[in-house]
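Trainee: here is my input; please provide its structure:
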Amino acid sequence: MNINTRLRLSLMMFLEFFIWSSWFVTMGTFLGTNLMAKDQDISLAFSTQSFGAIIAPFVVGLIADRYFHAQKILGVIHLLGAGLMYLLYSSKDFSGFFPLLFIYMILFMPTLALVNSISFNQMKDPAKEFSGIRVWGTIGWITAGFLISFMSWDSQQGLKEGLLRNTWLMAAVSSLGLGLFSFVLPHTPPQAKAKGDFKLSEALGLDALGLLKDKNYAIFFISSILICIPLAFYYQNTSPFLTEIGMENSTGKMAMGQVSEVVFMLALPFFFSRFGFKKTLMVAMLAWALRYVFFAFGDVNEGVWMLLLGILLHGICYDFFFVSGQIYTDSHAGKKYKSSAQGLITLATYGIGMLVGFWAAGLISNYFINDTDGHIWKSIWLIPAGISVLVLLLFTALFKKEQINSQQ
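Mentor: Here you go, the predicted model:
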């Protein structure tokens, strides 16, 4: 890959995740303080991610693999997204906010598959090259968070003045920038040319489901759904958990999880070549279980090291499973269904798995709570730890070791 292509793909990844982080991390606080939304409204808003991910494979399969260049679709979506973000910035109440967010997430979630597809299309060996591009997405995510804190939009004074609303304006401007930039990205033409009669199953990207005929891939797909159930506990519960037990500057400390993502993203090619795909995923699942055990038994005094180590494990948990899974999916899809295959794994993880996970996390958190002591966090965290162990045992027993042919 030449340097010009590498730079363009890296900037694409940076902007893609900068946009998402600009509003997603602080949305719950924004809704509660700016729009006076209730808890059930906030939960409904976060669920739009999962519904968008469920719809994503059909959007990508309909247009990206069959009819239009992926980079052009990415550009159009982000231009539309910039307008929707500005409307969200201008929203006065939740009833006007939610429909706009729902439409936006239906559009945005397919772009996670599109940026992967555009990247993989330029690579001869994704197992070695992809992590160096994808790491810029994590840097973009971290940068947006640092900017929000630097501008003091999330400070107590900023919240009083309603400055957190500016996160949506920042997302709108960056979305406009990526929308325009997408049209100068490397060409990624549709690979699945229409032949003969029109088939709805092919147009909707359902042919990517053919990947599930491979036993190994089917086991990976099911494991991806199941492991995202405990993942949802992390996204939904970690911030209120750390705040409730009295950890100072918990948001800044949680950012160490994204910093660790950068480190382990760069280490991923070594693990891939040295230990193979199966062992890489096993390490990720084990890290998931250990993280929740650390959260269950840690505290803000002598056990604070357990909390910090649990946060730092996020890099292994995310990179070794999700990024490895994207590379593995690409190796099985081949050229014909690269985009719809990435949409399929997005459906499994961000869609089905996290939708079930958010529901389960809310149900369990509400169950383990009392009026005097608040949440019984030890019991809450041991449940996702147990789920992670069960998924690890399932994957280890059923998934057969295989050599990934990533040079497409």
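
Trainee: check which helix or strand covers the residue nearest to residue 92 when sequence neighbours are not counted.
Mentor: Excluding its sequence neighbours, the residue lying closest to residue 92 (C-beta to C-beta, 6 or more residues apart in numbering) is residue 35, at 7.7 Å. (Glycine included, C-beta is placed from N, CA and C.) If you go by DSSP states H and E, residue 35 is not part of any helix or strand.

Trainee: so who does residue 35 touch?
Mentor: By C-beta atoms under 8 Å, 6 or more residues apart in numbering, residue 35 lies in contact with 91, 92, 93, 94, 97.

Trainee: gap between the closest residue to the last one other than its chain neighbours and residue 22?
Mentor: Distances taken as C-beta to C-beta, 6+ apart put residue 91 closest to residue 97, at 4.1 Å, once the chain neighbours are dropped. Taking C-beta to C-beta, to the nearest Å as the measure, residue 91 falls 16 Å from residue 22.

Trainee: which one's more surrounded, these two?
Mentor: The neighbour comparison of residue 91 against residue 22 (other C-beta atoms under 10 Å) goes to residue 22, with 28 against 19.

Trainee: tell me the secondary structure at that one.
Mentor: With DSSP: H, G, I helix; E, B strand; the rest coil as the basis, residue 22 sits in helix.

Trainee: helix or strand right after the lowest-mean-pLDDT helix or strand in the chain?
Mentor: When each helix and strand of the chain is scored by mean pLDDT, DSSP states H and E, helix 200-203 comes last, with a mean of 53. The element immediately downstream of helix 200-203 (helix or strand, assigned by DSSP H and E) is helix 215-244.

Trainee: report the buried residues of that next one.
Mentor: Within helix 215-244, the residues that count as buried by 16 or more other C-beta atoms under 10 Å are 216-217, 219-239, 241-242.

Trainee: can you tell me the SS state at residue 247?
Mentor: Going by three-state DSSP: residue 247 is coil.

Trainee: how about residue 212, what does it touch?
Mentor: Contacts of residue 212 (C-beta under 8 Å, 6+ apart): 218, 221.

Trainee: please repeat the previous calculation with a cut-off of 10 Å.
Mentor: 218, 219, 220, 221, 222, 344 (C-beta atoms under 10 Å, 6 or more residues apart in numbering).

Trainee: same question, residue 143
Mentor: Neighbouring residues of residue 143 by C-beta under 10 Å, 6+ apart: 14, 17, 18, 21, 22, 136, 258.

Trainee: could I get those in JSON lines, plus columns for distance to residue 383?
Mentor: Formatted as JSON lines, these follow (distance: C-beta to C-beta, whole Å):
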{"residue": "14", "distance to residue 383": "36"}
{"residue": "17", "distance to residue 383": "29"}
{"residue": "18", "distance to residue 383": "33"}
{"residue": "21", "distance to residue 383": "28"}
{"residue": "22", "distance to residue 383": "32"}
{"residue": "136", "distance to residue 383": "35"}
{"residue": "258", "distance to residue 383": "25"}
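
Trainee: can you name the two of those that sit furthest apart?
Mentor: Taking C-beta to C-beta as the measure, these span a maximum distance of 15.7 Å, between 22 and 136.

Trainee: give me the distance between the residue nearest to the spatial centre of the chain and residue 270.
Mentor: For the chain, the residue sitting closest to the mean C-alpha position, by C-alpha atoms, centre = their mean, is residue 350 at 6.3 Å. For residue 350, the distance to residue 270 equals 27 Å [C-beta to C-beta].

Trainee: ramachandran angles for residue 399?
Mentor: Main-chain torsions, residue 399, degrees, to the nearest 10: phi -80, psi 130.

Trainee: and residue 240, how far from residue 285?
Mentor: Using C-beta to C-beta, we find residue 240 at a distance of 25 Å from residue 285.

Trainee: again, but for residue 158
Mentor: Per C-beta to C-beta, residue 158 is found 39 Å from residue 285.

Trainee: contacting residues for residue 260?
Mentor: Residues counted as contacts of residue 260 (C-beta under 10 Å, 6+ apart) are 138, 311, 312, 313, 314, 315, 316, 317, 318, 319.

Trainee: ok, so of the contacts of residue 212, who is nearest residue 275?
Mentor: residue 220 (16.2 Å).

Trainee: that closest one reaches residue 331, doesn't it?
Mentor: No: the criterion here is C-beta atoms under 10 Å, and residue 220 misses it with residue 331 at 11.3 Å.

Trainee: what's the farthest-apart pair in the contacts of residue 35?
Mentor: 92 and 94 (9.4 Å).
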